[in-house]
Each structure stands twice: as C-alpha cells, then as structure tokens.
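Asker: my questions are about this predicted structure, shown below with the sequence.
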Amino acid sequence: MNPKLIAFHLPQFHPIPENDAWWGKGFTEWTNVTRATPRFPGHHQPQLPTDLGFYDLRLPEARAAQAELAREYGIHGFCYYHYWFNGKLLLERPFEEILSSGEPDFPFCLCWANENWTRRWDGAEQEVLIGQNYNDDDDRAHIQYLIRAFRDPRYIRVDGKPLILIYRARHLPDPKRSLTIWRNEARKAGIGELFICRVENFFNERDNPHALGFDASVDFQPDWMAINDDNPSVVLPDDHFVVDYRDLVETELARPEVPHLRFPGVTPSWDNSARRKKNAFIIADSTPEAYEYWLSETLRRIKDRPESQQLVFINAWNEWAEGNHLEPDQKFGRGYLEATRRALDTAAAPDGLKAPPLTDPFEHHGFVIRQQYAKWLAAQRIGKPVARLHDERINRSTPPRIHVILDATRCSDDALSRSLNAISGQLYEHWHLDVLSTRAAPQIASSRLGWHTIAPHQASQAVAELVAASDTGWHAVLTGGDSLAEDALLFAAQHLIGAPDCQLILSDGDSRGADGGPLRSWFAPGLNPDWLRATLQVGGLVIASRELMLAALRDIGDSPSNALPLAAVLRALESPPAHLHHLPRVALSRQETAEPIPLAFRADLLRLHLDRLGQPANLEHGLIDDSCRIRYEHAGEPPSVAVLVTHPTTPEDVLRTVEGVLAQSGPFPVSVWLPRASDCSAPLRDCLGQLVALGAPNIRIVDVDTLPPAATCNRLAAAANAELLLLLDCGLTPLDAEWLTALTAHARRPGIGAVGGRVVAPDGSLCEGMVRLGQAGVAGSPYVGVSANYAGNGGELQLDQNCSAVSQRCLMVSRERFLEQGGFKAERYPDAHAATDFCLRLGERGLRHVWTPHATLVAPSPARPRPFAPPTPADLPLLEDWLHVRPADPYGNRQISYSETRPRLQADHALAQDPLPWHPVPRIYAHPADLSGCGEMRVLTPLRALTRSGLVQGGGGTRFIGPWDLAALAPDTVITQRIFSDLSLEWLEAYRKYSGGLLIYELDDLISRIPRDNEHSKGFPPDMEARLAKGMRLCDRLVVSTEPLAAAYGRYAQETVVAPNLLDDTVWGPLAALPNEGARPRVGWAGSTSHGGDLALIHDTIRATADEVDWVFLGFCPEALRPLVREVHPPVPVKDYPAALASLRLDIAIAPLAANAFNEAKSNLKLLEYGALGYPVICSNILPYQGQLPVVRVANTTQQWVAAIRRLLADRSERESLGAALRDAVRADWMIDARQAEWLAAWTR
C-alpha cells in the first residue's frame, strides 16, 4: 500500500488590493483568526499558530517551511486553491512564485474555487464582490493559463494525467462542454489527457461525475449533507450550529459506497466562527486521536485499490479561520501532524482488525454530547401534572414510606447541597431523610429531616443503627453528591404498590464528575443476574426492604456505605425473581468518588454470595477493567459433547470446523455430527465420504433426506448420544482452547437452559452475540459488524450475561432438555428463529439462558447486520407465537433503542418511558410524516395540547417502530400520516397486524391532484391515488382537515372525520405583530416553494405597486420577483416561524391561491396565522378562504388585487379595524385549547 495524502492549501495569508477594499487595509486570514472568541465552555477559540507563526505567503521561506513540515509528517502534496474570475486572478502571487522559482520542491495540484466572491462572512451573502462569468472563450483562456502549471514536474498526476479539481461543478452552465474544451486544448499543447475531479460536498454534487465529463470525485469534508437529526447538535445564539467531531466521524464512515471512483476525504476539525458573525458551523471536541481514527479507517478502506487511486484529501493544511488546519497551534502543537504520521504507519503494517467505534452512546464527554444528554434527560421527566395522576393512584392505598440515608461524611459542601436539593425537590412526599455528616446540624426544623454528626469511619455502623431502629419498610442509602431525579421516589413508590412481593428496586442511573457534568450512563439490561455478577457495579438507585438492607449491612461490616447497593443487589439475587424489580429510569446521578470501592472487596462480596447459593467457583479479572469472570466448578468427569453441524456448506468450511473443534476439544469427549443430504453437491459428498473413510469414532455422518436446517438439527440430536449438544454453524472454528470450558461451565449450572458463545470474523468484528427480542425490529444480535473488542452498554459485549435467546450458530443445551422440548419446531420454524423459539419455550419453564464472550469462535467472513425493516414472512411465526406472550425483552431496557446494530439512547420518548403504567387516559402514538408543515400542524400541535391537558398520554416520532416496540407501548391509537411509499405501506401493514388499537390515516392535502406548477408534483408517483387508497383501507379511520378532502378520499375509508386546523395557544397566543416604523407601507406574504403557481397570480400586482409599498417575503420568492421585493427573509425552522412572521411588521398580508382542485381542498390555515398576529388580510376568493373570517376577498385579477391593496393603504382605520377583528375571531374560535374535545373524539374510539 502506498497512499498519498493531499492537503488543501489556502493562499489568503498576504494582503491584496481587493481584500483591502472589501475588508480593510492589510486584511489577511490572520485578521479574522486573531479576533475569534469562544462561544461556549471549552470552545477552542482563538486558534493561534505556534511553529510557523503568523506567516506571510509572499515570503519564500514561509512556503518552504510549510512544505518541509508537511513532508516530515507524510503529506504527499498540497492542493492549492486557485481563484479565476473570467481572466482575473485573486491571491495568485504565492503560486506564481512557486511556479517561477521551482521552490519549494514539493508536489502540488490545483482546485479551482469557482464560487462567486461574496460578503458571506459578515452575513451579506447576496452581495457579490466579484462574480463568475462562464463562456467558451473563458474556458480556453483558463486552460491556457493552467497548462503552464501542468508542465511542472512537481505537478501531481493520476495515471500520468495532471490532476485538477473543480469546487462547484454544477455552477458551470455546461460542465461537459467546458471540460471537453479543456481536454482538447491540453492535447493540443502536448499535455495529453487530464484527470479532472469534481469536488463532492454540496447537495447537487452527488450524482455520477462521469455523466458530467469528470473522471472522479473528491470527497470534501466535512460533508454537511451527511448530518441529520440523528446527529447530536446544539444551536447557539446567532444561529451558530455545533456538532460533535467524534459523532461526525462515525457518521461519515457509515456512509455507503458510491458506484463511481471517489477519492475519500477527512478533516482534522472545522470551526468557521472566526469568519462568521452568524450561522457558523462548529465541529466541537476534535482531538488528534479522533482524527487519527478517521484517517486510519479511511486508509484501511482503500488498501485494495490500485496504487494510483490511493489518494486521500485532507481539508485542510491551513484553513485557520475555518478552524481546520494540520499546522501546529497553541493547544495541540504538532498533534494532528503526529496523528497523520501514525495513521500512515498503521496503514503500512495493518493488523487487519477492525477498531472499536470512536464513540460510545452511553459516555457523555464533550460540549455537544453533554448538552444532548441533558436534553434527553429533561425529556424523560414527567413534571407536576403527571405527578398528580400518580398521587391519585398511590393515595388510593397506603403510600409506602421511603427512608433515605445520606452519608455525607466524605463530601464537599457543594456536593452535600446538591444531594439535599434533589431530595427536597421530590415529587413524592412520603419520605424521611437522615443525614450523616461531620458537620454540625443546621438550624432547620423539619419532621422529615434527621441530622447525625459523626466521624467518617462510623458511617456504616450509623446506617445499620438507623435502619434497625426505623419502622419504615423501605430504605435507600446515598453518598454525598448523589442526586435523585425529581420523580425517582414517585416511580419507586408506584412500583412498590404494584409488586407486593418486591424486596428490592434497582433503577438506571448515571455518574457525574466533580463539576456536576455527566460522564456516563448506567443502563441495566433488565434483571440480569449473570451480568450483575460480572460487572460488580451498581450505577442506579437501590431501594431495599428493611430485612434485606440489614443483611447487606452485615455483609459490608465497617466498610464505606457506598458498598451497600452492590451488597443489597447480590442479596436480592438469592431470592425468587419476583423479589427484584428493575426501574428503567435514570433515577440517580452518582457523584464519582476519588475512592471507589476496590474490586477486591466487591469480589469478596461476590464470593459470599456464591457461597450462600452453594455454587463453587473461582474468580478472575474480566475482559474489561473493573469486571469479574466467574469460573463455575463442577464435580465429576467432563461431560460428553456432541457438536451438531446442521448445515454443511462447502468442503473448505466443513474441514475448517471439524479440524478446529477436534483440535481444541481439551479434556472433553467430543464428537462431530454432520448430515449428508441426498441432494448435497458432489464436492461436499466427496468430502463427507473422505471423513467417513477415516474411521474416526468422533466424526459421525448421518444420511438424511433433503430437510431444512431445523429438521436436520432434530435428526442429528436424536442420533447423538452425548450429555450436551452444541449446535454449530458450518465454517466456525474455535479461537482458543477455552471455548468448551466456558460453554460447559454454564450449561451444567442449575437453572440454566441454553448457552451461547461469541462469533467473530477474521477482521475482529462481531458476527453473532446474544439474541435480543426487538433487535432491528424483530429479533437478532446487536453489535453485528462492530469490533468485538467494543464494550457496549454496561460492558455487555465483554461480560457473561443472561438473555432471552442465543443463536443457533453456537448453542449448547443438554440433550435431555432438547428432547424434552421436542427439539426445534421444524415445521413452523424451518430455518429462521427456530433457536429463538426453542429458547423462549425453555424460558417459560423458568430456565435462564447465558451468553458468554469467553467462548469465541471465528467465522470465515464478516456478517452483515440485519437492517431495520418491516417483518418478513419468515418472521411471522415468531411474532404470532411470542409477541403477546413477551411484549418486551426482559433483558432489554426501554430507554435504549435496538433498531440499529449499535444500541443507543432511545430518542423516541414515548418508547423510552411509561409514565402512566396503569393507563388512566388513552395512550396515543403518532407517526407524523415530518416535523414541520403538516406533521406539526395536523399531528404534533393537537397531540401536545391533549397531552398538556392530561387528556391523553401522547408521543411519537417520524420513524417507524418494530412490532416489539409497538407491543410494549400498547397504544390505544396509532396515527399515521401521508403513507404512500412501498416501504411505508409495508410498515402500515405491520401496524395493522400487530397493533390492537385504533389505526388512523391522517391527510391534509389532495396530493393525488397536485398542480404541475407546484414543485412537489415531481416527487409523487403517478399511481398516487391507488397508494393512498391502499393505506386508507388498512386503517380504521381517515382524519382530514376539510370537507373536500373527505369527499375525495372518504370512499376508501371505513370512517372519515373532519378535524379542522387550529393554532397552538402556547405558540401563537403570546405573539403580537411588531409595528411598521418605516416610511413606506409594508405588504407581505409567507410561504414555501410549493406556491410558485399561486404567486404567479400576483406578479403584475407586485410590479404595479412596487413604487408604492415595500414588498416583504418570508420563505420562498421567485427569481422574477426578487428585483421588485424589498425584503426576502429566508425560510426558518417551524419553531421559529410564528415569531418570524410577527417580525415582518406588515401593514397588509396577502394570501393568493390559484383556483384548482388541489387548492380548493386546502384549509384556511394561512388566514389563521396572519389573523393571530392581527394582520389585515387580502386573499383569493376561493373555497378555503370563504366563510365568516373578516378578510378582504378578491377575484384573481390584477385589477382587483391592486384595488384592494390601495384601498386598505388609503384607510389606516379600516386596516387596523380589519386586523383586530380577524385577530379576535381567530383567538375566539380557531385555537386548539378551546376545541380539544373535537380532536380527542377524532383520535379515540
């Protein structure tokens, strides 16, 4: 491998007359760099140079120093930005001198930055300082200028062809024509062929570059288009947008390959806040190590390319004002250069193993990630209205009293204050607090508070005395600095009321640093005894019964009280499962302590626990820090094991498995059983025959008819005579001699059903782990394709744990149990999910399954993760048999999403929590088509209002959810909106099949009749009405906004309800339009690009009145109207739209609508929005705008529009009266809070 790294190079480090005129005398890139200021805590600004200083690129020694530093750290060459504007050059001096002098002797190529030069940096992007002007003559002149550079021996070539990049290919009127001129001129000049690349960064630069005449594309990072709502982000004042570098890297690396040649790109960082006063894009928390990860992974992915195509572009060498530079700075020194060299060294000698992911969804380091986690936590809180519903239920019985003991003997005053504030702010009132402290008791009189001044070494004894003396049934012991969520005790009490046998509640939690900032989350994978024993950590709130807490106190003796939660949990694991309850909420934030409980002491607690269970075992350090491996011991001889290779594939895979298993069988009597099907291939038949010929008693071939894998497995199991059966995928081979010991040690434990092992690929990625119900929608292994060295949530990839099922690829079970269960249900599950069904049936008998990473097998090749998709026919038996028996995986956690291969925080808050488990009000799950437009108005606005009033329990999101999530949520109503694509219709069929609630189809437009002049018309298929009809027929009810929509589509629905569009009181109620303080009247319109045909009606009206009024547009403005429109305000997010509309300071608002079927089916929403602000309105006199609202209606003629505008302009009193009347009408009759009953009836049975 011989990769070449090419770094983009900016020449703007010397003054030029143009910049002097535009930005001030002496302006260079350094001008902005030195003025930069930090915008948030930890923001790396200003970024100032070290080694090379504030250089001037007119100086040869500055250019030489750059080249020498780049060469030292492995940069192959620079790609200089080149600025050509119809024959005029800007910033050309450094490159001209490089060409003429021959120095530095360092490879280079050029990138034509063919953008208009505008005032983008200070927010005036529409002001063009110098523009591009393309034509054939200029193309010829331009290539003639470039030819001189192409002749230079330093110029970078691909397959002998000079390499040149064009930054904005789509700006060329006819790219293919321009490139043909360039190529012809280069041939005439004797240069030969050119290698021309398009820079791929902007949304319209994503298609195949060959179609435009380019040879390849260059991936220009950061790729803005890859960033979406899934990426954590923060919007700062002045609309600076911040994302996390590590998250961005993983997003970029997850992008699919393209069918054309694309040279990859990376960036060390990006932060253009030094340049931009507003709308800066900031990638926070970049480090040399994270950049090295990106570059190393990128180099690994191109290692099999031809050497001439092993180019990687780095953006950039010296974009200082964009926070984007390899050159050394005062924070990192040469860190990014050293990372570059390390990545190259790794590429030269790769180990072939896939690196673990750069980020962990459950670690919260860095500004953006912490902010995102704080938002996630805030969304989980229920608040006081829902708390009142909890109180009503709790108070119907005897509320459990909870005794909280706070050991504050070793904490600071700030930590103590944080703990006390959290306890006093509880939404639940039946608690008592005892504080243990070295401080004197404060002067606080409260029957809820006891204060005990003691020495730190007396804490555990004091806790024991308090618990023993208390008549309270429930106890929690916290450490100073620990902070309870405000609803922690409320949810605990709710659990205790519904679980009379409960002895201990264990919640989820997180840990915080000394500054109070979150560090990591702790989410328990359900009530998971083997995982709890292996992790030996408790990160959540523990509330235990008096008897259990006293037993735990005896176990820890005089040790610090922070050992109590673990001791109590281990005690609870010795009781029946009903005694231990998991509360899937982050109920506790633990203060990280400088003196954590030593692993050796926690291991002693574990030994006591195992001794009480009568389970002999040895303890070892686990695969990850601070964890434990339990080696269970069993008396007697090693059991016999029959390895069933149920589906032989190729001779190579058969021999790989047979030889590997027998070579690594250790002390176990092992036999390998293979089927010989009647229709197996000739090579496979010969291979199996040769194995028979060996006469080895431990290799057994069973002749079978052609059978599916499950039936074959049953045949082999019946023939085998070993104590333990091990189902093994053909091609797997053990990694080491430990594998059988690890599997059999668990399989021989009492109460254990099946045991599974870890399957990895040669590149170190995971092929198979534990099976989780709901993974990727149905069932499967999480983390497939991720490095097997990755820890996962709570270290679950590296720890023994219980699970609902294990995979057939590696499944051990006693032969007796297998036969008792009748083996696999081969007729119902011929292939997929047979093992999952088998494990679930064992689970119904009270048996637990274990997955262990200590038994590792290697597959021949990597596995592809199952995509999140609607259920397939092969999935149906599992869903039909088990979905309502186990509506949630007991070893999952509802706060985690399992839709993707890597579990992460559940962003859908309806799925992440169940604040009202006793179901006092209807539960509605909404699936809006978008989070703006129709999705906001028709779904989210009414849902928020009904939830706010406590009439429903509502939630939802734009993503579909799988059957297990749907079953766990158990909604009374599922709302879908604008479903018509093939995939969405498949999901709707799944909703129909697996949701027992009311299924609603929501629609707000006549989308089967969109006019051609509406730009959205191109985005819909020609058979739209048939698709809509299919979706509506799958649902129980159609809900639309207008009577024309009901008339158009009602024939496809079982029932149709018209629910009008209404405004959100909390959004529109507080707003008032700002007054016009200018000299001229202001007339305006707000809307999107879909209204091109409607605006065509008033082109002449605007021309006729442009000298009389200031026209103001918000959102879309046709190019033809821009010279006539005084102000064009860009589109804004939906949350900012009401305020933006109010800020237009209009004297008149207009609402033109063309007369067509699509518009006739619309609602009066535009009038409501204008009216809520008190704007007087002139509108088209067509059906949606007819009715009782006080507006001026006109025919769609220029004469009537102009006359109406002039009439209102001439009479201020009429304008103000009309606006006030419209505002009063809207606020009286068209706000959501007053009409919630209509929406509740529309959405419920």
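Answerer: The structure has been received and is ready for your questions. Residues are numbered from 1 along each chain as shown.
Asker: buried residues in the strand or helix carrying residue 184, which are they?
Answerer: Residue 184 is part of helix 175-188, with elements assigned from DSSP states H and E. Neighbour-count burial for helix 175-188 flags 175, 178, 179, 181, 182, 183, 185, 186 (criterion: 16 or more other C-beta atoms under 10 Å). C-beta: built from backbone N, CA, C; applies to glycine.
Asker: the third one and residue 1151: what is the separation?
Answerer: To tie it back to what came earlier, the one meant is residue 179. 47 Å (C-beta to C-beta, to the nearest Å).
Asker: quick one: end-to-end distance for stretch 218-236.
Answerer: End-to-end distance of stretch 218-236 (C-alpha to C-alpha, to the nearest Å): 31 Å.
Asker: ok, residues contacting that stretch?
Answerer: Residues from elsewhere that reach stretch 218-236 (C-beta atoms under 8 Å, 6 or more residues apart in numbering): 39-40, 165, 197-203, 206, 241-244, 247-248, 251-252, 255, 262-267, 270, 281, 283, 313, 315, 367-369, 371-372, 907, 931.
Asker: now these: which count as buried?
Answerer: 39-40, 165, 197-202, 242-244, 247-248, 251-252, 262-267, 270, 281, 283, 313, 315, 367-369, 371-372, 907.
Asker: residue 247 and residue 368 touch, don't they?
Answerer: Yes. Using C-beta atoms under 8 Å, residue 247 is in contact with residue 368, at 7.5 Å.
Asker: what residues are up against residue 385?
Answerer: Residue 385 touches 948, 950, counting by C-beta under 8 Å, 6+ apart.
Asker: tell me the centre residue of the protein?
Answerer: residue 230 (3.7 Å; C-alpha atoms, centre = their mean).
Asker: measure that one to residue 570 for me?
Answerer: For residue 230, the distance to residue 570 equals 38 Å [C-beta to C-beta].
Asker: rewinding a little: average pLDDT for the helix holding residue 184?
Answerer: On average, the pLDDT along helix 175-188 is 97.
Asker: which element follows that helix toward the C-terminus?
Answerer: With elements assigned by DSSP H and E, the helix or strand that comes after helix 175-188 is strand 195-200.
Asker: and that following strand, how far out from the chain's middle?
Answerer: Strand 195-200 sits 31 Å away from the centroid of its parent chain (C-alpha atoms, centre = their mean, to the nearest Å).
Asker: mind listing what's buried along the next helix or strand after it?
Answerer: Later in the chain than strand 195-200, the nearest helix or strand by DSSP H and E is strand 216-219. Buried residues in strand 216-219, defined by neighbour count with 16+ other C-beta under 10 Å: 216, 217, 218, 219.
Asker: quick one on the thing from earlier: pull the helix holding residue 184 out as CSV, backbone CA atoms only.
Answerer: The C-alpha coordinates for helix 175-188 follow below in CSV (Å, rounded to 0.1, in the frame of the first residue of the first chain):
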residue,chain,number,x,y,z
PRO,A,175,-19.8,21.1,-17.4
LYS,A,176,-19.3,18.5,-20.2
ARG,A,177,-18.8,21.2,-22.8
SER,A,178,-16.3,23.1,-20.6
LEU,A,179,-14.3,20.0,-19.8
THR,A,180,-14.2,19.0,-23.5
ILE,A,181,-12.6,22.4,-24.3
TRP,A,182,-10.1,21.9,-21.6
ARG,A,183,-9.2,18.4,-22.7
ASN,A,184,-8.9,19.4,-26.3
GLU,A,185,-6.7,22.4,-25.5
ALA,A,186,-4.5,20.2,-23.2
ARG,A,187,-4.0,17.7,-26.0
LYS,A,188,-3.1,20.5,-28.5
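Asker: and the angle from it to strand 195-200?
Answerer: Interaxial angle, helix 175-188 versus strand 195-200 (axes from the mean of the first three to the mean of the last three C-alpha atoms, to 10 degrees): 150 degrees.
Asker: does anything pack onto helix 175-188? Which helices or strands?
Answerer: Using 3 or more C-beta pairs under 8 Å, 6 or more residues apart in numbering; DSSP states H and E, the elements in contact with helix 175-188 are helix 136-150, strand 195-200.
Asker: got the angle for it vs helix 136-150?
Answerer: Calculated by the same axes, to 10 degrees, helix 175-188 forms an angle of 50 degrees with helix 136-150.
Asker: show me what helix 175-188 is in contact with.
Answerer: In this structure, residues lying in contact with helix 175-188 by C-beta under 8 Å, 6+ apart are 134, 136, 139-140, 142-144, 146-147, 150, 162, 166, 169, 172, 192-194, 196, 198, 212-214.
Asker: from the chain's centre, how far out does that helix sit?
Answerer: 44 Å.
Asker: again with stretch 1123-1132
Answerer: 35 Å.
Asker: same thing with stretch 214-232?
Answerer: Computed by C-alpha atoms, centre = their mean, the chain-centroid distance of stretch 214-232 equals 17 Å.
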